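Colleague: need coordinates for the below:
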Amino acid sequence: MIKLSSYNGSPYLGVYCVASERHSLLPLDASEAFVAELEEALQVQAVRCNISGSHVVGSLAALNSNGTVVSGFIEADELARFPKDMNTLLLRDKHNAAGNNILVNDNGAIVDPSISNDNLRLIGDVLGVECVPATIADMETVGAICKATNKGVVCHPATTDDDLELIRQVLKVDAYRSTLNHGTATVGSCLVANSKGALVGDISTPIELGRLEDALHYY
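Modeller: Presented below is the predicted three-dimensional model:
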């Protein structure tokens, strides 16, 4: 299921929200209507939280079915909102915006190569997958420019053929280039998605939605 939506008027849903097959994280100021819409489309448990006092939860957290990586600046009371069974790593790195810097599904992860090797190992442990440091489209913010599910990846239009092959090898799914939000290349910032559904920025065009449906196999 693909549904057009916005977060408090913004079509950049991926900046504020992130999801796995089991959970979604979204800010405390999310409306009841938006929470219900997200839970229906993605069939997940929605967890409201801020991270380090910020509403840009999607930029600061990355998760799959095994675990969650969040900015090391998260406060104790914010972390207390997470489900008790959520295995969580506080990323204490200069590049701690985990959502922007980690592209992950349940099969693997591609990680900003600027993140230290010690933290790369910790990320792999908590997410339970192989982590490969790499850029995509010559950019380090791999989570902001792409979005991965267990069925596919939609990625920045400047993604090279070699990048596409790396994504296939690491995440074990096919990847397709597109834009969203009427020409926005940083597609990861434009949606929140898992293998069951997606909420997509409501200024995305029919052509973009068709490409997204092909990329993430929503048939």
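Colleague: and Glu37, which of the three is it?
Modeller: What DSSP: H, G, I helix; E, B strand; the rest coil gives for Glu37 is helix.
Colleague: just give the nearest non-adjacent residue to it, would you?
Modeller: Nearest residue to Glu37 in three dimensions, chain neighbours excluded: Ser5, at 6.1 Å (CB to CB, 6 or more residues apart in numbering). All C-beta atoms are positioned from the backbone trio N, CA, C, and that covers glycine.
Colleague: bridge partners for the one you found, pull those for me.
Modeller: With DSSP bridges applied, Ser5 shows beta-bridge pairing to Gly201.
Colleague: for Leu42, see how far away it is.
Modeller: Spatial separation of Ser5 from Leu42 under the definition CB to CB, to the nearest Å is 11 Å.
Colleague: those two: who's more crowded?
Modeller: In terms of neighbours (other CB atoms under 10 Å), Leu42 is the more surrounded of Ser5 and Leu42; the figures are 27 against 20.
Colleague: my guess is the more buried one meets Val18, correct?
Modeller: No. Here Leu42 lies out of contact with Val18, judged by CB atoms under 8 Å, at a distance of 10.7 Å.
Colleague: pull up the overlap in contacts between those two.
Modeller: Both Leu42 and Val18 are in contact with 24, 192, where contact means CB atoms under 8 Å, 6 or more residues apart in numbering.
Colleague: do I have it right that the residue nearest to Glu37 meets Glu40?
Modeller: No. With the criterion set as CB under 8 Å, Ser5 and Glu40 do not qualify as a contacting pair; they are 11.0 Å apart.
Colleague: determine the three-state secondary structure at Gly188.
Modeller: For Gly188, the reduced secondary structure class is helix; criterion used: three-state DSSP.
Colleague: run a quick neighbour tally on it.
Modeller: Neighbourhood size, Gly188 [other CB under 10 Å]: 29.
Colleague: contacts only, for it.
Modeller: The neighbours of Gly188, taking CB under 8 Å, 6+ apart as the test, are 14, 100, 103, 143-147.
Colleague: just the ones of those residues in helices?
Modeller: Where those overlap with helices, as defined by DSSP state H, the overlap consists of 14, 100, 143-145.
Colleague: so Leu25 sits against Gln45, correct?
Modeller: No. Counting by CB under 8 Å, Leu25 sits too far from Gln45 to count as a contact (10.2 Å).
Colleague: tell me which of these two has more neighbours.
Modeller: It is Leu25, of Leu25 and Gln45, that has more neighbours when counted by other CB under 10 Å, with 29 against 12.
Colleague: partners of the more buried one in the sheet?
Modeller: Here Leu25, judged by DSSP bridges, has bridge partners Val18, Val47.
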